[in-house]
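Student: Pasting the sequence and the predicted model now:
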Amino acid sequence: MTERARENPAEGLAIGFRVKSGYAVAVVLAGPAAAPQPLARAVIDLSDPKVAGTRQPYHDGFYQSEQDERAIARRVSVVKRCAVRSVAALVGEVRSIAPSEKGRARSIRAGLAVGSLIDPATVGNPHIRAHANEGRLFRTVLEDALRAHGIDSDVIVEKQMAERAATELARSPASIARAIKGFGNALEGPWRADEKAAATAAWLALTRPAP
């Protein structure tokens, strides 16, 4: 479900995501980057609660990695369908609350905040490797679904965001934190670490040239 702030006619749109296992928290900002304003927050499904195992497709119960490649393939197929459906719905809603200008759809940029970019093949422990596979899966299906709508994504490791934001936004960490808090005050619903990371990713996306 999406919680909206007031509509904003400012040019530039960005969706920031905090990618999790089976879902993503999204925050939509309208630019310019010098003075962004929040439009909406949402949680989108990247898995199907009706299909067992799709939230952690590389696991077989707690602390066990799935060994059945066919089971993994079935779950991954469901994850891809969920990502396509969820992103299409979100992009449609974003375009509805930020209509086209002069008959042309406004461009959207995206930023994905993730926990890690580690290559699963480099992980020796099977359980940790399962988590790494899931991290890569949910990130890439979200990137692919956005790309199908002409939206390019920038992937950022969450631990690196603060330093990058201070550099690219040319603001102090305190100033950025105040602005991010203000975004939350303008939107209904929870405003926790995931929402803050998604908002930061969206803000950084606004600094990129429009496609």
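Tutor: Happy to help now that I have it. No experiment lies behind these values; they were computed from the predicted model shown. Numbering: from 1, shown residues only.

Student: Residue ranges in the protein under the pLDDT threshold?
Tutor: Within the chain, the ranges that satisfy pLDDT under 70 run 1-11, 99-104.

Student: 50 instead, please
Tutor: Within the chain, the ranges that satisfy pLDDT under 50 run 1, 5-10.

Student: Now do the same contact list for the closest residue to A105 other than its chain neighbours.
Tutor: Closest residue to A105 apart from its sequence neighbours, by Cβ to Cβ, 6 or more residues apart in numbering: R95 at 6.4 Å. For the C-beta atoms, the positions are set from N, CA and C on the backbone; glycine is no exception. Contacts for R95 (Cβ atoms under 8 Å, 6 or more residues apart in numbering) come out as 105-106, 108.

Student: ok, so what distance separates R95 from S107?
Tutor: Noted for R95: a distance of 11 Å to S107, by Cβ to Cβ, to the nearest Å.

Student: Put the buried members of the contacts of R95 into a ChimeraX selection.
Tutor: Only the buried entries of the contacts of R95 go into this ChimeraX selection, using 16 or more other Cβ atoms under 10 Å:
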select :106,108
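
Student: and of the contacts of R95, the nearest to L117?
Tutor: I108 (23.1 Å; Cβ to Cβ).

Student: What residues are bridge-paired with that closest one?
Tutor: Counting by DSSP bridges, I108 is bridged to L13.

Student: Please enumerate the strands of the chain.
Tutor: 3-4, 13-19, 23-30, 37-45, 108-114, 153-157 (DSSP state E).

Student: what's the second one packed up against?
Tutor: In terms of contact count using 3 or more Cβ pairs under 8 Å, 6 or more residues apart in numbering; DSSP states H and E, strand 13-19 is assigned the packing partners strand 23-30, helix 69-97, strand 108-114, helix 126-147, helix 193-206.

Student: how big is the angle separating that strand from strand 37-45?
Tutor: 40 degrees (axes from the mean of the first three to the mean of the last three Cα atoms, to 10 degrees).

Student: Strand 13-19: how far from the chain's middle?
Tutor: From the chain centre to the centre of strand 13-19 is a distance of 4 Å (Cα atoms, centre = their mean, to the nearest Å).

Student: swap in the fifth one?
Tutor: Taking Cα atoms, centre = their mean, one finds strand 108-114 lying 5 Å from the centre of the chain it belongs to.

Student: Stretch 126-134 now?
Tutor: The answer for stretch 126-134 is 20 Å, by Cα atoms, centre = their mean.
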